[in-house]
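Asker: This is a predicted model, with the sequence first.
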Amino acid sequence: MAFQIVLNLIIAFVWMFLNNAWNGVGFLIGYLLGLLLIGGCADSSPSAFILCESGPSSN
């Protein structure tokens, strides 16, 4: 789970760099975009998703 948080921070900073928006709003948008990207990949990850305590379901 710590890896997901670090990856999400990297995605947020890359988003800020690409948009040349070095402010809180740019970081927040990048962070939320990172949550969506990591959440979309949560089914293929063996670790628990950031926002879920029990991890991905096995249904």
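Answerer: Now that the structure is in, tell me what you want to look at.
Asker: now the strands: where do they sit in this structure?
Answerer: Ranges of strands in the chain, per DSSP state E: none exist.
Asker: Low-confidence ranges, it, go.
Answerer: Applying pLDDT under 70 to the chain picks out residues 42-59.
Asker: cutoff 80 now
Answerer: 1, 40-59 (pLDDT under 80).
Asker: At which residues are the helices of it located?
Answerer: 2-19, 24-40 (DSSP state H).
Asker: Export the ones you listed as CSV, with columns for mean neighbour count.
Answerer: Bear in mind the C-beta positions are built from the backbone N, C-alpha and C, glycine included. Formatted as CSV, these follow (neighbours: other CB atoms under 10 Å):
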stretch, mean neighbour count
helix 2-19, 14
helix 24-40, 15
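Asker: distance of G26 from A2?
Answerer: 24 Å (CB to CB, to the nearest Å).
Asker: One more: G34?
Answerer: Taking CB to CB as the measure, G34 falls 14 Å from A2.
Asker: One more: L9?
Answerer: In terms of CB to CB, L9 sits 11 Å off from A2.
Asker: same deal with I11?
Answerer: Following CB to CB, the distance that separates I11 from A2 is 15 Å.
Asker: swap in Y31?
Answerer: 16 Å.
Asker: for L28, same thing?
Answerer: From L28 to A2 the distance is 21 Å (CB to CB).
Asker: do L18 as well
Answerer: Distance from L18 to A2, by CB to CB: 25 Å.
Asker: and if you look at G40?
Answerer: 20 Å.
Asker: doesn't F13 make contact with G34?
Answerer: No: with contact defined as CB atoms under 8 Å, G34 does not reach F13; the gap is 9.7 Å.
Asker: and for those two, which residues touch both?
Answerer: Overlap of the contact sets of G34 and F13 (by CB atoms under 8 Å, 6 or more residues apart in numbering) is empty.
Asker: Next up, the contacts around the nearest residue to I29 once chain neighbours are set aside.
Answerer: Nearest residue to I29, sequence neighbours excluded (CB to CB, 6 or more residues apart in numbering): W15, at 6.5 Å. Counting by CB under 8 Å, 6+ apart, W15 touches 26-27, 29-30, 33-34.
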